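I would like the atomic coordinates for the input below:
(chains A and B)
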Amino acid sequence: GENVEQHPSTLSVQEGDSAVIKCTYSDSASNYFPWYKQELGKGPQLIIDIRSNVGEKKDQRIAVTLNKTAKHFSLHITETQPEDSAVYFCAASRGGGADGLTFGKGTHLIIQP
Amino acid sequence: KAGVTQTPRYLIKTRGQQVTLSCSPISGHRSVSWYQQTPGQGLQFLFEYFSETQRNKGNFPGRFSGRQFSNSRSEMNVSTLELGDSALYLCASSATSTSQETQYFGPGTRLLVL
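Model (predicted):
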């Protein structure tokens, strides 16, 4: 089955700096890659997603890049703010059927004031 | 639109008991997926229901089961609880059954098994 590796497990950045979280996946048939943000006591919230026919997608301060050849995708957050502090999860799915999302183990992002 | 709701939010059970968790998807969504979240294993897919049919199942023992009703609400049941079943159980809904569809998560039910 699919295996998703996520790095780093903890990331501390100064407010205003950029943060990058990287994920690799094993199943070349995967074609949908969402990113979720989870705050304490809440369920994961989708922040951005990308499909395999696209190499990059941006939404204000957040961007995701996908390299299908290398089987890795990354989340970029620019101009970080205190409210960006949370746990971020990447996930992958083969699509085309109900096979669920395979998640990475998460990155705890800490924004230092 | 109201989001995904899950009840109860917190639950304490003892080993050997069984438990039923409930999930109401976003209005109009027909697919409901269940995930288990633990500090050690992270987020793991349990199963997905679409139009009252289980479409796929993750790698969990048969003690974990679920069902979906005609109004798309879903329940999951865990029988013969073990200490290792302590976790946050998350429900996610999506409009259709393709896993390329955005999944919206509820707040979860935190289960503690003593």
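
For the rest of this, base every contact and every neighbour count on C-alpha atoms.
Will do.

where exactly do the strands run in chain A?
For chain A, the strands defined by DSSP state E cover A:4-7, A:10-14, A:19-25, A:32-38, A:45-51, A:56-59, A:62-67, A:72-77, A:86-92, A:102-103, A:107-112.

which of those sits most buried?
Ranked by mean neighbour count, the strands of chain A are led by strand A:86-92 with a mean of 25 (mean count of other CA atoms under 10 Å in any protein chain shown).

Relative to that one, what are the paired strands and their orientations?
Strand A:86-92 pairs in its sheet with strand A:32-38 (antiparallel), strand A:102-103 (antiparallel), strand A:107-112 (antiparallel), by DSSP bridges.

B:Glu101: which of those strands is closest?
B:Glu101 sits nearest to strand A:32-38 of all the strands paired with strand A:86-92, at 8.9 Å, using CA to CA.

what angle separates the closest one from strand A:19-25?
If you take axes from the mean of the first three to the mean of the last three CA atoms, to 10 degrees, strand A:32-38 sits at 130 degrees to strand A:19-25.

how near is the residue in chain B positioned nearest to chain A to B:Thr20?
Nearest residue of chain B to chain A: B:Pro107, at 4.2 Å (CA to the nearest CA). Applying CA to CA, to the nearest Å, the value for B:Pro107 to B:Thr20 is 16 Å.

Compare the two (neighbour count), which wins?
With other CA atoms under 10 Å in any protein chain shown as the criterion, B:Pro107 and B:Thr20 differ in neighbour count, and B:Pro107 comes out ahead with 22 against 13.

what residues are up against the residue of chain B closest to chain A?
By CA atoms under 8 Å, 6 or more residues apart in numbering or on different chains, B:Pro107 lies in contact with A:Gly41, A:Lys42, A:Gly43, A:Pro44, B:Val4, B:Thr5, B:Gln6, B:Arg9, B:Leu90.

Now do residue 96, the pLDDT please.
No chain was given, so I picked chain A. At A:Gly96, the model reports a pLDDT of 56.

was after chain B, sorry
According to the model, B:Thr96 scores 76 on pLDDT.

Tell me if I'm right that it and B:Arg30 touch.
Yes. With contact defined as CA atoms under 8 Å, B:Thr96 counts as touching B:Arg30 (6.0 Å).

which residues are common contacts for those two?
B:Phe50.

want to try JSON lines for the strands of chain A, with distance to B:Arg15 and mean pLDDT as columns?
Below are the strands of chain A laid out as JSON lines (distance: least, CA to CA, whole Å; pLDDT from 0 to 100):
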{"stretch": "strand A:4-7", "distance to B:Arg15": "32", "mean pLDDT": "97"}
{"stretch": "strand A:10-14", "distance to B:Arg15": "34", "mean pLDDT": "98"}
{"stretch": "strand A:19-25", "distance to B:Arg15": "36", "mean pLDDT": "98"}
{"stretch": "strand A:32-38", "distance to B:Arg15": "29", "mean pLDDT": "95"}
{"stretch": "strand A:45-51", "distance to B:Arg15": "32", "mean pLDDT": "93"}
{"stretch": "strand A:56-59", "distance to B:Arg15": "46", "mean pLDDT": "94"}
{"stretch": "strand A:62-67", "distance to B:Arg15": "43", "mean pLDDT": "96"}
{"stretch": "strand A:72-77", "distance to B:Arg15": "41", "mean pLDDT": "97"}
{"stretch": "strand A:86-92", "distance to B:Arg15": "30", "mean pLDDT": "96"}
{"stretch": "strand A:102-103", "distance to B:Arg15": "28", "mean pLDDT": "94"}
{"stretch": "strand A:107-112", "distance to B:Arg15": "32", "mean pLDDT": "97"}
